[in-house]
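> quick one, structure for this:
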Amino acid sequence: MNNKSFDHKRIANGYAKDRPWLHKLVMDKVRSDCTLDKPFKNGLDVGCGAGLSTKALKLICDKVTGTDISGEMIWVCKSLYDTPEFTFYTAKAEETKLPETPYDIVTAAGVVCWVDKDLFLDNMNSVMVKNGLLIIYDFWISDKMAGNAAYTKWYHDQYLANFPKPPRKEDIWQQKDLPDSFFIKNQVTYEIEHEFDMDSFIRFMMIQSNVNAQIEGGHKTEKEIYNWMSDTLKPIFDNKQRTLIFEGYNWYIEHK
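Residues are numbered from 1 along each chain as shown. Predicted structure coming up:
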């Protein structure tokens, strides 16, 4: 993984402060989908960002390690999770270090759209136990806000028009594309609801890759974007809490 678009202090701090902890709800779904009755022993969270996904993995695992290509993200993680159960270090998703004890669970949230799949899986093959579980998951904002068609129009006609999605891989992994050492047990999709007021929603949107590309590319300033969002979203939020719909997926892959 060579994309370092998120290796900025602004993004790292924003991930820690302004991203809702929806990863916990994903782990609740993992418990249900996999009928877990006991915690895993040693887990790895690849592309851990500011540690929200690592904190979520800790809910179902005794000890966790988080890695990210961004040194700024890892710095935030170490400052927030300074306990023996958490370990963090900077590394590409394809270059995880060999652990003293192989991992029995690995999670990768919002990562596979950036990685070299073959190199990543070859690396996971080296660091995981046999019969270990690899969970690839992601969730993202959709064009849906509960009971608010105006948001859908804003999302398509204004947001995406001003902040187009940067290029990324969006293919769904299939068994025929994986090495023999990995078996896709299940792939599920779902929706998550989360309430925002207008300010918290804007702060969340300010750390989206679409927006970050415009800021880091020098096309727009943070202040310009915040003011534009505030002006265009006022009639949509109307000084109320609004429920945004996130869409997501979990892929459960066994290391054979």
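> quick one, longest helix in this protein?
Longest helix of the chain, by residue count under DSSP state H: helix 222-237.
> ok, then the element right after that helix?
Beyond helix 222-237 on the C-terminal side, the first helix or strand identified by DSSP states H and E is strand 242-255.
> now for the longest helix of the chain, which elements pack on it?
helix 149-154, helix 198-205, helix 209-216 (3 or more C-beta pairs under 8 Å, 6 or more residues apart in numbering; DSSP states H and E). Every residue, glycine included, has its C-beta placed from N, CA and C.
> off-centre distance for the first one?
With C-alpha atoms, centre = their mean, to the nearest Å as the basis, helix 149-154 stands 25 Å off its chain's centre.
> and the helices in the protein?
Counting by DSSP H, the chain has helices at residues 9-18, 23-34, 52-58, 71-80, 117-127, 149-154, 160-162, 198-205, 209-216, 222-237.
> tell me which of those helices sits most buried.
helix 52-58 (a mean of 25; mean count of other C-beta atoms under 10 Å).
> centre of the chain versus that one, how much separation?
Relative to its parent chain, helix 52-58 has a centroid offset of 11 Å by C-alpha atoms, centre = their mean.
> tell me where the protein is predicted with low confidence.
Counting by pLDDT under 70, the chain shows low-confidence ranges at 1-8, 10.
> in it, where's the longest strand?
strand 128-145 (DSSP state E).
> who does it pair with, and is each partner parallel or antiparallel?
Here strand 128-145 is paired, per DSSP bridges, with strand 103-109 (parallel), strand 242-255 (antiparallel).
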